[in-house]
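Engineer: how would this look folded up:
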Amino acid sequence: MILTTLIRQNFYINDFPMVLHERQRVIEQNVVLNQALENKNQSLTIELNSELEPNMEILESQARYRFGLIKDGEKYYQISKAVQDQNVKP
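Structural biologist: A predicted model of the protein is given here:
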């Protein structure tokens, strides 16, 4: 009786051998998807690392413009507009 119930449960209700094949197929799909995502992550990491150098130039330009920062050994010259005074006669 117990053996019959177990056989019925495994083979007819749970569809025993087909469930294993279906689960193995899902695992294989997940492995392929994980490999594709890992490859994409590696390419994005390479792209990000290659873009850091030009971004440093932009950052340096912004630091010079906004904050007036200079590198060691550079001289800073500030040019301002000439103000014309209305009282000065040529």
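Engineer: name the helix or strand of this structure that has the lowest mean pLDDT.
Structural biologist: The helix or strand of the chain with the lowest confidence, counting by mean pLDDT, DSSP states H and E, is helix 2-7 at a mean of 82.
Engineer: can you pull the buried residues of it?
Structural biologist: For helix 2-7, a neighbour-count test (16 or more other C-beta atoms under 10 Å) marks nothing as buried. C-betas here are computed from N, CA, C, even on glycine.
Engineer: distance from the chain centre to it, please.
Structural biologist: Averaged C-alpha coordinates place helix 2-7 at 54 Å from its chain's average position (C-alpha atoms, centre = their mean, to the nearest Å).
Engineer: what mean pLDDT does the helix or strand following it have?
Structural biologist: For helix 2-7, the following helix or strand on the C-terminal side (DSSP states H and E) is helix 16-67. For helix 16-67, mean pLDDT is 86.
Engineer: what's the answer for stretch 82-90, then?
Structural biologist: pLDDT averaged over stretch 82-90 gives 62.
Engineer: just the C-alphas of the least confident helix or strand of the chain, formatted as CSV.
Structural biologist: The C-alpha trace of helix 2-7 is given here as CSV (Å, rounded to 0.1, in the frame of the first residue of the first chain):
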residue,chain,number,x,y,z
ILE,A,2,2.7,2.5,1.0
LEU,A,3,4.8,1.5,-2.0
THR,A,4,1.9,2.0,-4.3
THR,A,5,1.2,5.4,-2.8
LEU,A,6,4.9,6.5,-3.2
ILE,A,7,5.0,5.3,-6.8
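Engineer: and Leu44, how close does it get to Asp15?
Structural biologist: According to C-beta to C-beta, to the nearest Å, Leu44 and Asp15 sit 41 Å apart.
Engineer: go on, Ile58?
Structural biologist: From Ile58 to Asp15 the distance is 60 Å (C-beta to C-beta).
Engineer: neighbour count winner among the two?
Structural biologist: Asp15 (12 against 9; other C-beta atoms under 10 Å).
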